[in-house]
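**Q** Got a sequence here, can you model it:
(3 chains)
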Amino acid sequence: MQMLEEYRTKSYRNDLRPPVDANLVKDKTAIVGIGQTAYSRNAERDELDLACEAIKKAVDDAGLTMADIDGLEALTLDRVSMPTLIGSLGIENLRFTSEVSFGGGGACALVMHAAAAVATGAANYVVVYRALNEASGHRYGRGDGYAEYLTAAPTLHYGYYFPYGFLTPLSWAAMYTKRWMHEYGIKLEDTGWYSVVLREYAQNNPDAIFYGKPLTIEGFHESPMISAPLRLYDCCVDTDGAAAVIVTTADRAKDMPHAPVYIAAAAQSSPIETEIQTSYNRPIVAGLPETWYVGQELYRQSGLGPADIDVAQLYDPFSYGAMIQLEELGFCGPGECVDFCLGGDRIRVDGDLPLNTSGGLLSEAYIHGVNLVTEAVRQLRGTAYNQVADAETAIVTAGPGLPTSGLILRK
Amino acid sequence: MTERTLKDKTAIVGIATTDLARDGGRTEYSLACEAVTRAVEDAGLEMADIDGIVKDISDGIDPMYLQKAVGIDNAQYCSDSHWGTSALMTGATAIAAGICNAVVYYRCLNGGSGRRAGNDFRAAREMQDEGLDLLRYDFYSPFGLLTPDGLAAMTARRYLHVHGIDADQVGWIPVVASEYAAKNPDAVFFDEAIGLDDYTRSALRVDPLRDLDCAPGVDGGLAIVLTRADRAKSLRQKAAVVMGVAQGTSTEGELLSNYSRPDIAALPEVRLMGEELFRVAGIDRGDINVAQLDDRYAPYVAMQLEELGFCERGSGVAFCEKGERIRVDGDLPLNTGGGFLGGGFTYGLNVIEAVRQIRGTSSSQVEDAEISLVVSGAGGPADGLILRRD
Amino acid sequence: MPLEYVPGIPILRPYVDPDNKPFWDAVDRHEFVLQRCSNCDVFLQPPRPMCPHCLSMDSLEWVPSAGRGEVYSFVVFEADRMAYPGMKIPYVVVLVEMEEGVRLTANIIDSEPDEVYIGMPVEVTYNSPMEGLTLYQFKKRAS
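**A** So this is what the prediction gives:
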């Protein structure tokens, strides 16, 4: 159990990881296209339809044709049948396909795996996408949506969690959040600023679900308690929609319509004793070791540190999920993230660390984190609705509290 | 700029299977644990050396749960794959890209006693409920065409018709598979070799497919360890260097029900994959010493031989006639462990046999086998590997 | 208000397989056991087919537990959006650190949500939410 010891002592063992100079992803791969559908609460279209639109737009954005695409990366949770999708897009042959499990924890791993494929010549242009009708269709975030977990761990979830009415990812996360608040003495009345700032960002983003619906700190504290300590406005917004990005080599990226957004580091981590939000038998429950490992690996690969990051897109299934990541990624000390967000100035667009500048999963849309990748790309292209001045580096993470992944992107 | 490929970057250094049985009575979790620990031990590695996990999506146990039991500390690359053994390719990209040092692939399936992929109406219903492939369940299942066996039989019928093939002659494929299986203690479905008359007496399952055309389900687990080719030299076993690895898909593709294509008596995914595979490996078909093709359904073996260029279109069944070419001393020893027909339908068994041929440890060893081909996924997205001796 | 169920809505059952059957069989008999590796003298939760420390499949045993522990964390289901429809809200799920060191979740069946706190002493009890189903649960105990 070397890893958990590394986490406990916060001493990352570089010698256990492959040498950075052998890494073919770092600086040698890039994101060259992004696309998305409208984000809504009811798309009235199926997920195949949404996926096709987002992918077509990403391919157009990259200045490519569908015939150039020879790789595809999807989440295992995606309900679109890959052969049907390939047929619908008219792709002649895919030289590389792969899927990533762990739901939102796989959002950045999709890009990482695609990058590994192009870096090793397994494919030239890989599409990464996520399409879901989470708002109107199949809702695994709800108490009646437990079937998604059937294949993952029926013995565990159908024994220790489900019979007790304990069957939503959010309530599983509330359990470790409660412990974290207890250990660090967090006061409920200090929370809420994260949600307020993200809603502010959404007011400038016409694509956001909560565009035109501002939120005050008072409004936050009046919102109903869902599963203490989580209020309604601590939670992400169920969405229908799709987003896609195109990954290729840095060499190919040079001659494409948009300035390349290079992958400066890409990492995934599934530490021992991890479950999907129910990792209660690790020595430390009040923390996110997988996010810490991913952060350490990103910094090791890129040679950058928290102070070098201009803008952050941290996966926020709920507010604390993103805030505790601030601690694990070194943007503040343990137990300090609520203070870090207090009043909101530090995480606004001109603050120390502009955070989830599209509105994030709380206020823009819940496209399982692929929409955080697209926002990071917009920031580095200089085309974001809430543009951070001179943004040159961005960190993106995937779902906290389960095997996760992350990226550092740069201009 | 020279083109970067996956040629010679990685090697298979560890393999293991659990006991394979028609009804093993163990959980898939337990099978996974045993297979993975034994494969790591076979490689001469420690569990601490494993930092990547790849698997097939249909497998029941998530990497997280495997880690809990076998003690893999941190998986820095985890990938699932939908098709065949294509997860091995994702593992190869992870190692070649410098993301991790050693990847374990595992597949553990109670396909004999438990969930039967072939003939279980409930399995088909579950797939419909999961919305995996709405198209299939709109246009096929309402008419009772709802198992893989039925979907494959449609293609097999057309294939035999287009090329005027006598269906009985397909029987040489299971006959030779039974000969190999009888020698392989892992292959539980034939204690002794059968003859062509046994085949023609075998029950018609979904005409024209007979019982002996269809690989049975089996309970068991297997695992494969992949690492960098340069590191493989110092490990316990003779390395099987991955000379080429490739995947292929095609338009109008579905799983086994590719009925909207101009020609359904073909496997374009295998053709495209094969072209890429030989291109990456930089060798010719004639250089292959031994092959493991996907014999989930016997007629698909003949179609793969054609698509891979080992014989002319329509002559795959004739290629196997009387079995001489595909026996151990023939032109192309084929499915030398008994294939899925003899060992049960579990992707990865074919890769393990391909590795054994390189190591020289097959129960039907091809003399001086240096280059070994393995193909998975006939009837849908395809993948393949070319392995060579170091 | 103690834990209450909504009649007519079945409770989701444990998924019992050969790896965890001894645990659920014991619960049926109102006995509480935990999995331990006899080589390493380490308790394992959730149960698994192999010990991750010594990689043995034969050293795993089921040992009786006094079923005592303390609440390590807890959640209260207050909105029906997140709750299971077969259980009346509010209901509490507690994460309990057992004296053996492992942590388990279940409901607390005899306490108001307001009474529950981190560090609260609890012990295992049993209930039967419906015909043919026995669950282990927690109830408060004197420290």
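**Q** the helices in chain C, which residues?
**A** Counting by DSSP state H, one finds helices in chain C at the ranges C:21-28.
**Q** Could you do chain A as well?
**A** A:2-9, A:47-61, A:82-89, A:107-119, A:154-156, A:169-184, A:193-203, A:217-222, A:250-253, A:289-302, A:319-328, A:337-341, A:360-363, A:370-381.
**Q** okay, those in TSV with mean pLDDT, distance to B:Val175 and mean neighbour count next?
**A** The way it works is simple: take the backbone N, C-alpha and C, and place the C-beta from them, glycine included. TSV is the format used below for these (pLDDT from 0 to 100; distance: least, CB to CB, whole Å; neighbours: other CB atoms under 10 Å in any protein chain shown):
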stretch	mean pLDDT	distance to B:Val175	mean neighbour count
helix A:2-9	87	52	16
helix A:47-61	96	43	22
helix A:82-89	86	33	21
helix A:107-119	98	40	31
helix A:154-156	68	40	21
helix A:169-184	93	53	23
helix A:193-203	98	67	25
helix A:217-222	97	73	14
helix A:250-253	97	50	18
helix A:289-302	97	52	24
helix A:319-328	97	59	27
helix A:337-341	97	68	22
helix A:360-363	98	58	30
helix A:370-381	98	51	26
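**Q** B:Glu28 contacts B:Arg107, correct?
**A** No - if you go by CB atoms under 8 Å, B:Glu28 and B:Arg107 don't touch, sitting 9.5 Å apart.
**Q** Got the phi and psi for the residue nearest to B:Leu349 when sequence neighbours are not counted?
**A** Ranked by CB to CB, 6 or more residues apart in numbering or on different chains and with sequence neighbours excluded, the top spatial neighbour of B:Leu349 is B:Gly343, at 5.2 Å. Here is the backbone geometry of B:Gly343 (degrees, to the nearest 10): phi -110, psi -10.
**Q** unless I'm mixing things up, B:Gly343 is touching B:Pro216, no?
**A** No - judged on CB under 8 Å, B:Gly343 makes no contact with B:Pro216 at a distance of 9.3 Å.
**Q** Now list whatever residues contact both of these two.
**A** B:Phe189 (CB atoms under 8 Å, 6 or more residues apart in numbering or on different chains).
**Q** So for the two, which residue has more residues nearby?
**A** More neighbours surround B:Gly343 than the other of B:Gly343 and B:Pro216, with 30 against 20 (other CB atoms under 10 Å in any protein chain shown).
**Q** Show me the contact partners of stretch C:119-126.
**A** By CB under 8 Å, 6+ apart, the list of residues contacting stretch C:119-126 reads C:27, C:30, C:32, C:65-71, C:94, C:96, C:108-110, C:134-143.
**Q** Convert stretch B:58-70 to CSV, retaining C-alpha atoms only.
**A** Extracted in CSV, the C-alpha atoms of stretch B:58-70 (Å, rounded to 0.1, in the frame of the first residue of the first chain):
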residue,chain,number,x,y,z
SER,B,58,-18.4,-7.0,-20.7
ASP,B,59,-16.3,-8.3,-17.9
GLY,B,60,-18.0,-8.1,-14.5
ILE,B,61,-15.3,-6.9,-12.2
ASP,B,62,-14.1,-3.4,-12.3
PRO,B,63,-10.4,-2.6,-12.0
MET,B,64,-11.1,-0.9,-8.6
TYR,B,65,-12.3,-4.2,-7.2
LEU,B,66,-9.5,-6.2,-8.7
GLN,B,67,-7.1,-3.8,-7.1
LYS,B,68,-8.7,-4.3,-3.6
ALA,B,69,-8.0,-8.0,-3.8
VAL,B,70,-4.7,-8.3,-5.6
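**Q** so A:Ala312 bridges to which residues?
**A** In this entry, A:Ala312 is beta-bridged to A:Leu355, A:Ile395, by DSSP bridges.
**Q** how much space between it and chain B?
**A** Between A:Ala312 and chain B the computed distance is 22 Å (CB to the nearest CB, to the nearest Å).
**Q** Around that residue, how many other residues sit close by?
**A** 26.
**Q** How about C:Arg29?
**A** 10.
**Q** Alright, calling it a day.
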